[in-house]
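[1] coordinates only, sequence not included:
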């Protein structure tokens, strides 16, 4: 059985027409709206048993407690699995789950089974609002012997054919969908040998690398220390941090020398350990640890969506250890970074949400009140427009979420600033204050871009693949008007590479027409197309066509190179 739980403000749904024959007409609820529910998208699979239902009930009980709701919507969702049980068994299991939940005093609504349905919902957006889980029938009877290697027979050719079947279905995607752009522009690909994990091609990884360079420039500007922590860690660490209870179902787990290990879903536990490697003084604070952490979180295959939702992703994460008095200044500089990245560099409009203490929280109410006031005062001081999202903070502290709006009018939550008052206590972090006594620091968790993969997907669609010069993998294309102009083109390229080391330039001396070459460069989102013919060669100038614009003739080479230098350095002026 596979499920996806969504903590929502509301869900509306109605049955349209039958999708499965022999389904009782009583399943056809005309229309329903449920407010503040935990929606459980459910796919019953072959091999599920009564114990699977019990696992489902236990999981729903835990998640509903974590998000503080007793309202459940059981929603049949076959798209989560390709190994579905028969309709009769699936309906029977859902009816049993409904009955058991009602016995536990839950308010349960079960969406129609066996019908095509229209539905609308709004997910709350906090860390526990979207969780995917999988339950398997008990397999304890299957025993394996340690240290015994069983020779396996297989046909490499057959296996290769099986893993080569991955193909992007573009029939329901718009032309500017980042998955189509990624394929057309040779940026990245996906393969079922590693579901939800990106295969970065040279052009795409150039974008990924340049974003990290840009963020690193800002980190150095604000005096961050860049760290790197292991990806596989002892389960004890996640139990200390609290992730074991809240994220274990979404973690990749393994064993090593009879010890339980997990692939990290977040980077904060490693940062806590680095802080603990030495004694700290109040004079050392604030300490700003930044990490381009590679995280893994299990997701059901049915919810993966290109770069927007992946299993392996890179976060531009940071953890700031500071005193209570330093919180305001630290968040103020984070807001400066957000403005530099989103508004000044990429032209996004954005808004803020301040999420306050949930009903289920850790710590003292007075500490929460104080922390919320700090965050609110910082936002007011920065003259930022924000709305308060009551009760939607993390269990360990209040947070500020940043929502950006793209060129298509869609909103995305990328950056986040979270104030943590609990993890420092769990890790027994301390510093020596001015009074000579030990104190517990506050920790601010923050990301600016969030998942780099997701941000690149948003940016590609926002700009329709036409990236700024400093970020573009196809910066210059040089075309010779005739074969006799090739030498002049080669000389120009040599001068360009000498003046701007690392410039991305492609030479095209093929026998196609100049117009065909230019059209191809436009389709590949090349920033500048340079054409050199007899006229340009004799006058020692070039013809330049910026992407999407008309050509400029008689352009001075030195001036063009200087303009490129200025454009390439543009984001680093902020």
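    Arrived safely, thanks for sending. The model shown is predicted, which means the values in this text are computed figures rather than measured ones.

[2] those helices in the stretch 401-550 of the chain, which residues are they?
    423-426, 452-462, 486-499, 514-523, 534-539 (DSSP state H, counting those that start in this stretch).

[3] For the ones you listed, state which one has the densest average packing.
    By mean neighbour count, with neighbours taken as mean count of other Cβ atoms under 10 Å, helix 452-462 ranks first of the helices of the stretch 401-550 of the chain at a mean of 24. Yep, even glycine has a C-beta here, placed from its N, CA and C like the rest.

[4] how far out from the middle of the chain is that one?
    On the basis of Cα atoms, centre = their mean, to the nearest Å, helix 452-462 sits 9 Å off its chain's mean C-alpha point.

[5] One more: stretch 188-198?
    That offset, for stretch 188-198, works out to 15 Å (Cα atoms, centre = their mean).

[6] swap in stretch 74-89?
    On Cα atoms, centre = their mean, the centre of stretch 74-89 falls 27 Å from the chain's centre.

[7] what about that stretch, start to end distance?
    16 Å (Cα to Cα, to the nearest Å).

[8] So for that stretch, what gets flagged as buried?
    Within stretch 74-89, the residues that count as buried by 16 or more other Cβ atoms under 10 Å are 74, 75, 76, 77, 78, 80, 81, 84, 85, 87.

[9] For residue 244, state which of those is nearest.
    The shortest separation between residue 244 and any of the buried residues of stretch 74-89 is 24.7 Å, and it belongs to residue 80 (by Cβ to Cβ).

[10] any idea how far that closest one lies from residue 426?
    Computed with Cβ to Cβ, to the nearest Å, the distance linking residue 80 and residue 426 is 34 Å.

[11] How about residue 203?
    Relative to residue 426, and taking Cβ to Cβ, residue 203 is found at 43 Å.

[12] Strands along the stretch 351-500 of the chain, start to end?
    In the stretch 351-500 of the chain, the segments counted as strands under DSSP state E, counting those that start in this stretch are 386-389, 399-405, 411-420, 431-432, 438-439, 442-451, 476-480.

[13] Format these as CSV; extra columns: distance to residue 293, mean pLDDT and mean neighbour count.
    Written out in CSV, the entries for the strands of the stretch 351-500 of the chain read as follows (distance: least, Cβ to Cβ, whole Å; pLDDT from 0 to 100; neighbours: other Cβ atoms under 10 Å):
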stretch, distance to residue 293, mean pLDDT, mean neighbour count
strand 386-389, 26, 88, 16
strand 399-405, 18, 90, 21
strand 411-420, 14, 89, 21
strand 431-432, 24, 97, 18
strand 438-439, 27, 96, 16
strand 442-451, 10, 95, 23
strand 476-480, 34, 97, 24
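
[14] Export those to CSV and append columns for distance to residue 538.
    Written out in CSV, the entries for those read as follows (distance: least, Cβ to Cβ, whole Å):
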stretch, distance to residue 538
strand 386-389, 61
strand 399-405, 50
strand 411-420, 51
strand 431-432, 71
strand 438-439, 75
strand 442-451, 48
strand 476-480, 14
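
[15] helix, strand or coil for residue 249?
    Assigned with DSSP: H, G, I helix; E, B strand; the rest coil, residue 249 falls in the helix class.

[16] ok, it touching residue 135?
    No: taking Cβ atoms under 8 Å as the definition, residue 249 is not a contact partner of residue 135, at 9.5 Å.

[17] any residues in contact with both of those two?
    Taking Cβ atoms under 8 Å, 6 or more residues apart in numbering as the contact criterion, the residues that touch both residue 249 and residue 135 are residue 59.

[18] In contact with the nearest residue to residue 296 once chain neighbours are set aside, which residues?
    If you skip the residues right next to it in sequence, residue 296 has residue 263 as its closest partner in space, 4.6 Å away by Cβ to Cβ, 6 or more residues apart in numbering. With contacts defined as Cβ under 8 Å, 6+ apart, the neighbours of residue 263 are 231, 232, 251, 252, 253, 254, 296.

[19] Tell me which two of the residues you listed sit farthest apart.
    Comparing all pairs in these by Cβ to Cβ, the longest separation belongs to 231 and 253, at 13.0 Å.

[20] Of the two, which one has the most company?
    Comparing residue 231 with residue 253 by other Cβ atoms under 10 Å, the one with more neighbours is residue 231, at 16 against 13.

[21] Name the residues that touch stretch 462-474?
    Stretch 462-474 is contacted from outside by 176, 181, 184-185, 187, 202-204, 206-207, 210-211, 214, 346, 348, 406-408, 459-460, 475, 504, 506, 521, 524-528, 547-548, 564, 567-571, using Cβ under 8 Å, 6+ apart.

[22] buried sites along it?
    Neighbour counts over stretch 462-474 (16+ other Cβ under 10 Å) mark 462, 463, 465, 467, 468, 469, 470, 471, 472, 473, 474 as buried.

[23] which sections of the protein are below the confidence cut-off?
    Counting by pLDDT under 70, the chain has low-confidence residues at 27-30, 137-151, 165, 574.

[24] can you list the domain ranges for it.
    Per automatic domain parsing, the domain ranges recorded for the chain read 2-134, 178-226+267-462, 230-263, 469-573.

[25] Quick check: chain neighbours aside, which residue is closest to the residue nearest the centre of the chain?
    Centroid-nearest residue in the chain: residue 451, 3.6 Å away (criterion: Cα atoms, centre = their mean). Nearest residue to residue 451, sequence neighbours excluded (Cβ to Cβ, 6+ apart): residue 313, at 4.3 Å.

[26] swap in residue 85?
    When the adjacent residues along the chain are set aside, residue 85 lies closest to residue 44, with 4.5 Å between them (Cβ to Cβ, 6+ apart).

[27] what's stretch 46-58 in contact with?
    Contacts made with stretch 46-58 from outside it, assessed by Cβ under 8 Å, 6+ apart, are listed as 1, 3, 40, 42, 83-85, 89, 93, 96-97, 100-101, 104, 135-138.

[28] Take the residues you listed and keep only those in strands.
    If you go by DSSP state E, the contacts of stretch 46-58 have 3, 40, 42 in strands.

[29] which one of these is nearest residue 487?
    The nearest one, if we look at these relative to residue 487 and count by Cβ to Cβ, is residue 3, at 65.4 Å.

[30] Please enumerate the strands of the stretch 1-150 of the chain.
    Taking DSSP E, counting those that start in this stretch as the criterion, the stretch 1-150 of the chain contains strands spanning 2-18, 32-35, 38-43, 71-76, 107-110, 115-123, 130-134.

[31] Sheet-wise, list the partners of the third one with their directions.
    Pointing back at strand 38-43 there. According to DSSP bridges, strand 38-43 forms sheet pairs with strand 2-18 (antiparallel), strand 71-76 (parallel).

[32] which one of the domains of the chain lies closest to residue 169?
    Taking Cβ to Cβ as the measure, the domains of the chain were each checked against residue 169, and domain 178-226+267-462 came out nearest at 9.4 Å.

[33] on that earlier part again, what would the strands of the stretch 1-150 of the chain look like in CSV with distance to residue 160?
    Below are the strands of the stretch 1-150 of the chain laid out as CSV (distance: least, Cβ to Cβ, whole Å):
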stretch, distance to residue 160
strand 2-18, 28
strand 32-35, 48
strand 38-43, 30
strand 71-76, 37
strand 107-110, 44
strand 115-123, 38
strand 130-134, 28
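
[34] Would you tell me which one of those strands is buried the most?
    With neighbours defined by mean count of other Cβ under 10 Å, none of the strands of the stretch 1-150 of the chain is more surrounded on average than strand 38-43, at a mean of 25.

[35] now the angle from that strand to strand 130-134?
    Between the axes of strand 38-43 and strand 130-134, defined by axes from the mean of the first three to the mean of the last three Cα atoms, to 10 degrees, the angle is 40 degrees.

[36] can you point me to the longest helix in this structure?
    For the chain, the helix with the greatest residue count under DSSP state H is helix 202-221.

[37] Name the residues of that one that come out as buried.
    Burial within helix 202-221, assessed by neighbour count using 16+ other Cβ under 10 Å, is assigned to 203, 204, 206, 207, 208, 210, 211, 212, 214, 215, 218, 219.

[38] Report the two of those separated the most.
    When the buried residues of helix 202-221 are compared pair by pair using Cβ to Cβ, the farthest-apart members prove to be 203 and 219, with a separation of 25.1 Å.
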